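Undergrad: Everything below, folded, please.
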Amino acid sequence: MKTILVAAIAAAGVVPSVASAQNFNGPRIEARLGYETPAIAENDSDDIYKIGSAVSYGAEAGYDIRTKRVVVGPYVNYEVSGVKLCDDDICLAERGNFSAGARVGLVAGQRGLVYGKLGYANITLEARDGGSVIDSASKGGIQSALGYEFGLGEFYGFVEAAYSHYGKFDDINLERRQVAGGIGIRF
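TA: Just a heads-up that it's a prediction; the model follows:
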């Protein structure tokens with residue numbers, strides 16, 4: 001009987017926090033899992049060639065400032081990916097993507113936030129011949145994203161679609177498309 005009473009008291013303490021409204025204010029950190037497709041396009045053509053598609057994972061940290069219905073704040077993000085394109089023993093692979101910028105959101109209901117991001121992104125590509133690195137290069141550009149964040153008690157979940165354009169990379173245009181989701185916490 002004591003076990004049932006303790007469990008009921010614990011559940012009563014948890015239920016109000018799960019149902020409470022989100023404050024969308026202060027520092028936050030999140031774990032991210034996504035699916036991405038970096039691609040290249042020739043300058044004289046509308047054809048787009050995928051470097052590959054793969055799962056990406058990483059983390060984001062940010063600080064949100066909320067007015068009545070608007071949330072603004074900076075963010076910084078780093079993700080790694082398994083994207084690779086091989087021809088015989090020579091492979092081109094993505095080794096990481098860093099981004100930093102600002103996000104602006106609109107509070108939707110008690111626990112939702114619709115947001116947009118705009119910032120700087122930097123991708124690192126690496127060429128290998130067998131197991132040896134032939135060359136490695138980084139390229140910076142602009143990243144934009146649209147997403148939806150939803151409260152899960154003390155935590156929050158999110159889904160997001162992002163697009164990065166890095167401009168010309170050795171006379172070809174380089175871009176990255178990504179869909180991601182994950183879970184985060186505010187402090």
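Undergrad: doesn't residue 181 make contact with residue 30?
TA: No: Residue 30 is not in contact with residue 181 according to C-beta atoms under 8 Å; the separation is 9.9 Å. (Each C-beta comes from the backbone N, C-alpha and C, glycine too.)
Undergrad: Check the contact lists of these two and give me the overlap.
TA: Counting by C-beta atoms under 8 Å, 6 or more residues apart in numbering, the contacts common to residue 30 and residue 181 are residue 158.
Undergrad: just the helices in this protein please.
TA: 2-19 (DSSP state H).
Undergrad: follow-up on the earlier one: residue 30 and residue 181: who's more crowded?
TA: Legend: neighbour count by other C-beta atoms under 10 Å for residue 30 and residue 181, higher for residue 30 (23 against 16).
Undergrad: what are the bridge partners for the more buried one, then?
TA: Beta-bridge pairing of residue 30 under DSSP bridges involves residue 60, residue 184.
Undergrad: and what of residue 85?
TA: Listed beta-bridge partners, residue 85: residue 92 (assigned using DSSP bridges).
Undergrad: Tell me which residues touch it, please.
TA: Each residue near residue 85 by C-beta under 8 Å, 6+ apart is listed here: 50-52, 91-93.
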